[in-house]
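A.B. asks: return atomic coordinates for the entry below.
(one chain, ligands or ions: 2)
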Amino acid sequence: MSLSESAAAPAPEPPGTPAQAPVSLTRFLLEAQRAGAITPDLRLLVEVVARACKTISIAVGKGALGGVLGDAGSPGAASINIQGEAQKKLDVLSNEILLEANAWGGHLAALASEEMDHSQPVSDAYGRGNYLLLFDPLDGSSNIDVNISVGTIFSVLRCPKDVTTPGDEHFLQPGSAQVAAGYCTYGPSTMLVLTIGHGTHAFTLDREVGSFMLTTRDMRIPEQTREFAVNMSNQRFWEAPMQAYVGDLLAGTEGPRGKDFNMRWVASMVADVHRILTRGGIFSYPLDRKCAAQGGKLRLMYEANPMSLLIEQAGGAASTGRQRMLEVQPEHLHQRVPVFLGSRQEVEAAVEYHRRADQDEAESRA
Ligand code: AHM
Ligand code: MG
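C.D. replies: Ligands and ions are numbered 1, 2, ... in the order given. Okay, the predicted model is just below:
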């Protein structure tokens, strides 16, 4: 059987398997490997990331009892990451857990983290694999100290052929090149949501057994929605098309959209995206005057791309407002982008406001 990553669908259940038999992540991945949908190394990679997420889940779950809340560094000298943001103790710990877990499997060529300045080649003491792993070890970490859901986001790329010592430049591949992506949300339950390029699937951690169990195969996002997610406090800093788009959402039944919209904003991307994958909606972190110089607030390679692949694989859409997210050619590892993702028709509506505004501006200049 070919191990190319182009094959589809899980293997049929063997004769005698009881209906609705629980499927662990291990079994799901083994079946995908047998069907030729993933290589043994990619299976191992996802298993290793999932195991690291279980360890992070335990640390997050201990809260104040684990002595892991609060800022990293010393009082008056907070630790600052490459993003210019103060690191939490759990940011640093989660990063270390992921680094350690992935150091010795022989499945990776290099890894890159939102918390590290540059990518890191993996030691070849255990053999070197063909994959590149990127992660945001603990997204939404400003929420940790107030006991709101946070999560780990990850993305997997192939290492270009003939590259023996991968550097940052080898990670600069568009999101469409991802071979797998996922997130783990540390909320009331710990869930892993995963795509290996054939649908988006949700697993829930059975804490007694210690295994992720498949709880939703093939998540589907409703095409339409009446719910949007955005940090409204930035409204006055947005570009004109975003002002117009959200203005029409807020106008409800009396406006051009002809329906009332609800709003939710957790300020943890993993939690907001998980809600949208589950019941629909649109998530946006648009360009605003505060983040314009950086290109946006959210990171293309650690946040936008993996979430966009998961969303597209569930039937949704993802855009910068002006371009399909997965087609953006990264220029540097920590690049930021504006983000619109979720229910297909609503993302298309938001994109249309940008297209019309850009066209009007071009015409007024002509
Ligand atoms: P982080 O990676 O430093 O945690 O930042 C990303 C988070 C996202 O989880 C969330 O959507 C966004 O930042 C919230 O931003 P804001 O606080 O501006 O609403
Ligand atoms: Mg983040």
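
A.B. asks: ok, the residue of the stretch 101-250 of the chain found nearest ligand 2 - contacts?
C.D. replies: When CB to the ion is the measure, the stretch 101-250 of the chain has its nearest residue to ligand 2 at Asp139, with 3.6 Å between them. (Each C-beta comes from the backbone N, C-alpha and C, glycine too.) If you count contacts by CB atoms under 8 Å, 6 or more residues apart in numbering, Asp139 has them with Glu114, Val150, Gly151, Thr152, Ile153, Tyr183, Ser268, Met269, Val270, Tyr302, Glu303.

A.B. asks: near ligand 1, which residues of this structure?
C.D. replies: Glu85, Asp136, Asp139, Gly140, Ser141, Asn231, Ala267, Ser268, Met269, Tyr285 (CB under 6 Å from any ligand atom).

A.B. asks: and those, which of them are in strands?
C.D. replies: Among those, DSSP state E puts Asp136, Asp139, Tyr285 in strands.

A.B. asks: I'd like those as CSV, with pLDDT appended.
C.D. replies: What follows is these, written out as CSV (pLDDT from 0 to 100):
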residue, pLDDT
Asp136, 96
Asp139, 95
Tyr285, 98
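
A.B. asks: quick one, domains of the chain?
C.D. replies: In terms of domains, the chain is parsed into 21-216, 227-365 (source: automatic domain parsing).

A.B. asks: in terms of mean pLDDT, which of the ones you listed ranks lowest?
C.D. replies: Per-stretch mean pLDDT for these is lowest at domain 21-216 (a mean of 92).

A.B. asks: so how far is it from its chain's centroid?
C.D. replies: If you compare the mean C-alpha spot of domain 21-216 with that of the full chain, they lie 10 Å apart, counting by CA atoms, centre = their mean, to the nearest Å.

A.B. asks: ends of it, what's the gap?
C.D. replies: Using CA to CA, to the nearest Å, the end-to-end distance of domain 21-216 comes out at 13 Å.

A.B. asks: one more: stretch 293-303?
C.D. replies: Using CA to CA, the end-to-end distance of stretch 293-303 comes out at 19 Å.

A.B. asks: tell me which residues in that stretch are buried?
C.D. replies: Gly295, Gly296, Lys297, Leu298, Arg299, Leu300, Met301, Tyr302, Glu303 (16 or more other CB atoms under 10 Å).

A.B. asks: Gly70 versus Thr215, what's the distance?
C.D. replies: Computed as CB to CB, to the nearest Å, the Thr215 to Gly70 distance reads 33 Å.

A.B. asks: and for Ser364?
C.D. replies: Using CB to CB, which is the criterion applied here, Ser364 is 51 Å from Gly70.

A.B. asks: next: Gly258.
C.D. replies: 48 Å.

A.B. asks: more neighbours, the two?
C.D. replies: Set side by side, Gly258 and Gly70 show unequal neighbour counts under other CB atoms under 10 Å, the larger going to Gly70 at 14 against 10.

A.B. asks: could you find the closest non-adjacent residue to the more buried one?
C.D. replies: Once flanking residues are discounted, Gly70 sits nearest to Lys89: 5.8 Å by CB to CB, 6 or more residues apart in numbering.

A.B. asks: again with Asp206
C.D. replies: For Asp206, the nearest residue in space outside its immediate sequence neighbours is Met213; the separation is 5.3 Å by CB to CB, 6+ apart.

A.B. asks: the one you found bridge partners, please.
C.D. replies: Residues in a beta bridge with Met213, per DSSP bridges, are Ser24, Thr204.

A.B. asks: how near is the nearest residue to Gly127 once chain neighbours are set aside to Ile196?
C.D. replies: Setting aside the residues directly before and after it, Gly127 is nearest to Gly106 in space (CB to CB, 6+ apart), at 3.8 Å. Shown here: Gly106 relative to Ile196, a distance of 20 Å by CB to CB.

A.B. asks: for the stretch 201-350 of the chain, which segments count as helices?
C.D. replies: 240-251, 269-279, 305-313, 344-365 (DSSP state H, counting those that start in this stretch).

A.B. asks: out of those, which one sits most buried?
C.D. replies: Most buried of the helices of the stretch 201-350 of the chain, by mean neighbour count (mean count of other CB atoms under 10 Å): helix 305-313, with a mean of 27.

A.B. asks: and the residue of the stretch 1-150 of the chain nearest ligand 1?
C.D. replies: Residue nearest to ligand 1 within the stretch 1-150 of the chain: Gly140 (3.8 Å; CB to the nearest ligand atom).

A.B. asks: the stretch 251-366 of the chain too?
C.D. replies: Sorted by distance to ligand 1 under CB to the nearest ligand atom, the residues of the stretch 251-366 of the chain start with Met269, at 3.4 Å.

A.B. asks: fine, thanks again, bye for now.
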